[in-house]
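Chemist: fold the following for me, if possible:
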Amino acid sequence: KKETSITLNFSIICKTMNNFLRRSITPTTSCLFVSSTIFFSHEKDERKNYYQPSHNNLSTSWPLSKLRLQNKIVHCDANVKPQEQANVGFPIKPTMESIPVPTQQQNAKEKEEKSEDKEEDPQYNNLFPLRQLMKPKVEYPLWDEDWDGRALQTTGDRKKDHEHKRYIRKNGVTRHIILIRHGQYDETHKEDEKRLLTPLGRKQAELTGQRLAKMIQGFDTQFGPCNVKTIHVSNMARAKETADIIKKSLPDTVVRAEPNPDLNEGRPCHHIPGGRVSERAINGVDEGHERIEKAFLSFFYRSDPPVQATTTDESNEEDLENKEENATTSNNDDANENNALEPHPQHEFEIMVCHANVIRYFLCRALQIPPEAWLRLCTFNCSLTYLTIRATGSVSCRMLGDIGHLGYEHSTFSMHHGFNW
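Modeler: Numbers count the residues shown, from 1 in each chain. As a prediction, the model looks like this:
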């Protein structure tokens with residue numbers, strides 16, 4: 001009874017699936033269907049080691065020695081006579097090679113080949129492509145005097161060069177650059193136009209504007225007003241909104257420049273410490289580095305050197321210094337009488353409202369620190385990072401991520417509040 005049931009079921013299944021197999025099932029699938037059925041019924045005759053169903057002139061021999069199970073897929077190399085194939089109604093001859101299943105060694109070899117293709121570029125300490133490592137013109141920690149391409153040309157006389165540099169240091173214009181990170185913003189959206197400031201972010205921007213307004217106004221002759229000319233801003237929504245709020249607190253003499261896409265957030269370079277970078281990180285540096293480096297070169301440079309007096313007489317130089325001191329004293333007296341403070345003519349300020357990665361990269365580049373150290377620094381929302389560039393080319397940092405104007409209740413790093421994170 002059991003024998004008949006198994007044979008009958010097999011015959012019915014084959015006939016029922018006849019049209020379906022002919023139209024839809026590929027040779028591989030057809031073989032798998034039949035082999036799975038035979039594998040299920042193999043216990044019919046273990047002695048002969050093959051299964052011989054016979055029903056309605058169906059007579060087929062299926063050698064069980066050819067059955068095997070790999071990755072939960074049954075494979076069968078079956079031998080069927082042509083006339084028996086016609087009775088069963090198979091659209092294809094079930095005798096075929098088994099589906100090749102990759103071994104672990106083959107998989108490992110393929111991964112190595114793919115890895116070799118990706119590693120055509122030499123690697124820096126097996127972290128990232130060597131081509132993406134910042135290479136200074138002068139070996140660290142030496143200072144590159146011509147970092148902006150505007151260094152003074154030597155005269156060949158060491159003493160004259162020293163005197164010329166001293167003159168520029170005293171009479172040249174110092175450039176002040178204040179980098180401001182945008183306020184806290186809504187990070188739940190992917191579209192930039194929807195990533196706007198939170199209510200707290202708008203309050204941070206308002207407090208930042210008030211602080212800058214006091215710096216521009218000045219307090220007395222010792223803490224005189226700052227000559228802020230321009231606010232630069234990236235082209236991202238959160239930065240533009242922050243700059244607009246800050247601008248409301250500043251005098252009309254301060255101009256907000258058109259948004260600059262080169263200041264947009266991005267990945268300026270890889271960071272160390274850090275593990276082996278992903279393909280996405282490599283692409284991010286390829287996209288972001290050139291743009292952000294271009295922005296750095298556009299905004300960070302020394303001012304033009306002042307025109308030096310042609311006279312070399314020491315008495316004339318002393319007279320010139322005395323005249324400058326007298327003029328400064330006279331200006332201070334006039335300011336006290338008129339109750340109006342004038343900005344110092346030898347100091348110019350620029351403000352940039354941009355992003356954390358960009359600010360940290362700018363800081364490292366300006367101080368000639370390996371830029372790969374940028375992630376070791378932290379800049380809170382609406383924090384001030386303040387750099388000075390002397391006319392001689394020296395650079396110093398006066399503030400790094402200053403949030404003294406915000407207070408603890410308004411201090412955030414992205415969505416992190418306070419310091420316990």
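
Chemist: for residue 240, see how far away residue 258 is.
Modeler: 10 Å (C-beta to C-beta, to the nearest Å). For the C-beta atoms, the positions are set from N, CA and C on the backbone; glycine is no exception.

Chemist: let me fix that, I meant to ask about residue 211.
Modeler: 20 Å.

Chemist: hang on, residue 250 packs against residue 228?
Modeler: Yes: with contact defined as C-beta atoms under 8 Å, residue 250 reaches residue 228; the gap is 7.1 Å.

Chemist: quick check: neighbours shared by those two?
Modeler: Common contacts of residue 250 and residue 228 (C-beta atoms under 8 Å, 6 or more residues apart in numbering): 212, 216.

Chemist: contacts only, for the residue nearest to residue 167 when sequence neighbours are not counted.
Modeler: Among residues not flanking residue 167 along the chain, residue 308 sits closest, at 5.4 Å (C-beta to C-beta, 6 or more residues apart in numbering). Residue 308 makes contacts with 164, 167, 168, 171, as judged by C-beta under 8 Å, 6+ apart.

Chemist: what is the rounded mean pLDDT of the strand or helix carrying the third one?
Modeler: Following DSSP states H and E, the helix or strand that holds residue 168 is helix 158-171. Along helix 158-171, the predicted local confidence has a mean pLDDT of 91.

Chemist: also stretch 138-146?
Modeler: So the average pLDDT for stretch 138-146 ends up being 94.

Chemist: which stretches of the stretch 301-421 of the chain aren't confidently modelled?
Modeler: 309-340 (pLDDT under 70).

Chemist: picking that back up, list the buried residues of the helix holding residue 168.
Modeler: By neighbour count on 16 or more other C-beta atoms under 10 Å, the buried set for helix 158-171 is 164, 165, 167, 168, 171.

Chemist: same thing with stretch 362-376?
Modeler: 362, 363, 364, 365, 366, 368, 369, 371, 372, 373, 374, 375.

Chemist: also stretch 135-153?
Modeler: Using 16+ other C-beta under 10 Å as the test for burial, stretch 135-153 gives 147, 148, 152.

Chemist: of those, closest to residue 264?
Modeler: Taking C-beta to C-beta as the measure, residue 264 lies nearest residue 148 of these, at 22.7 Å.

Chemist: spatially, what comes nearest to residue 392 if we skip its sequence neighbours?
Modeler: Nearest-residue entry for residue 392: residue 169, 5.1 Å, with adjacent residues in sequence omitted and distances by C-beta to C-beta, 6+ apart.

Chemist: what's the separation between the one you found and residue 305?
Modeler: 10 Å.

Chemist: quick check: neighbours shared by those two?
Modeler: Common contacts of residue 169 and residue 305, defined by C-beta under 8 Å, 6+ apart, comprise residue 391.

Chemist: need the buried residues of helix 158-171 in TSV with distance to residue 407, can you?
Modeler: Output for the buried residues of helix 158-171, formatted as TSV (distance: C-beta to C-beta, whole Å):
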residue	distance to residue 407
164	47
165	43
167	44
168	41
171	40
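
Chemist: of these, closest to residue 385?
Modeler: Closest to residue 385, out of all of those and judged by C-beta to C-beta, is residue 168, at 25.8 Å.

Chemist: mind checking how far the closest one is from residue 148?
Modeler: Taking C-beta to C-beta, one finds residue 168 at 14 Å from residue 148.

Chemist: do the same with residue 223
Modeler: To residue 148, residue 223 is 29 Å away according to C-beta to C-beta.

Chemist: check residue 406 too.
Modeler: Between residue 406 and residue 148 the computed distance is 33 Å (C-beta to C-beta).

Chemist: residues contacting residue 386?
Modeler: 176, 177, 178, 179, 397, 398, 399, 402.

Chemist: for the first one, grab the count of nearby residues.
Modeler: Think residue 176. 18 (other C-beta atoms under 10 Å).

Chemist: please apply the same query to the fourth one.
Modeler: Counted with other C-beta under 10 Å, residues neighbouring residue 179 total 29.

Chemist: could you give the bridge partners of it?
Modeler: Residues in a beta bridge with residue 179, per DSSP bridges, are residue 352, residue 385.

Chemist: isn't it right up against residue 350?
Modeler: No: counting by C-beta under 8 Å, residue 350 is not a contact partner of residue 179; they are 9.7 Å apart.

Chemist: who touches the closest residue to residue 402 other than its chain neighbours in this structure?
Modeler: Nearest residue to residue 402, sequence neighbours excluded (C-beta to C-beta, 6+ apart): residue 384, at 4.4 Å. Residues in contact with residue 384, defined by C-beta under 8 Å, 6+ apart, are 178, 179, 180, 208, 211, 399, 401, 402, 403, 405.

Chemist: so the second one versus residue 152, what's the distance?
Modeler: Here the criterion is C-beta to C-beta. By it, residue 179 lies 27 Å from residue 152.

Chemist: go on, the third one?
Modeler: With distances defined as C-beta to C-beta, the gap from residue 180 to residue 152 amounts to 32 Å.

Chemist: check residue 349 too.
Modeler: 24 Å.

Chemist: ok, residue 300 next?
Modeler: From residue 300 across to residue 152, the span is 18 Å (C-beta to C-beta).

Chemist: the helix or strand where residue 239 lies packs against which elements?
Modeler: Residue 239 belongs to helix 237-247 when assigned by DSSP H and E. Packed against helix 237-247 by the contact rule (3 or more C-beta pairs under 8 Å, 6 or more residues apart in numbering; DSSP states H and E) you find helix 199-217, strand 228-233, strand 255-256, strand 347-354.

Chemist: so where do the strands sit in this protein?
Modeler: Ranges of strands within the chain are 50-51, 62-63, 68-70, 73-75, 123-124, 128-129, 174-181, 228-233, 255-256, 347-354, 384-389, 395-402, 412-413, 416-417, based on DSSP state E.

Chemist: can I get those strands in TSV with distance to residue 262?
Modeler: Converted to TSV, the strands of the chain look like this (distance: least, C-beta to C-beta, whole Å):
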stretch	distance to residue 262
strand 50-51	75
strand 62-63	71
strand 68-70	56
strand 73-75	55
strand 123-124	26
strand 128-129	23
strand 174-181	14
strand 228-233	10
strand 255-256	16
strand 347-354	10
strand 384-389	18
strand 395-402	20
strand 412-413	24
strand 416-417	28
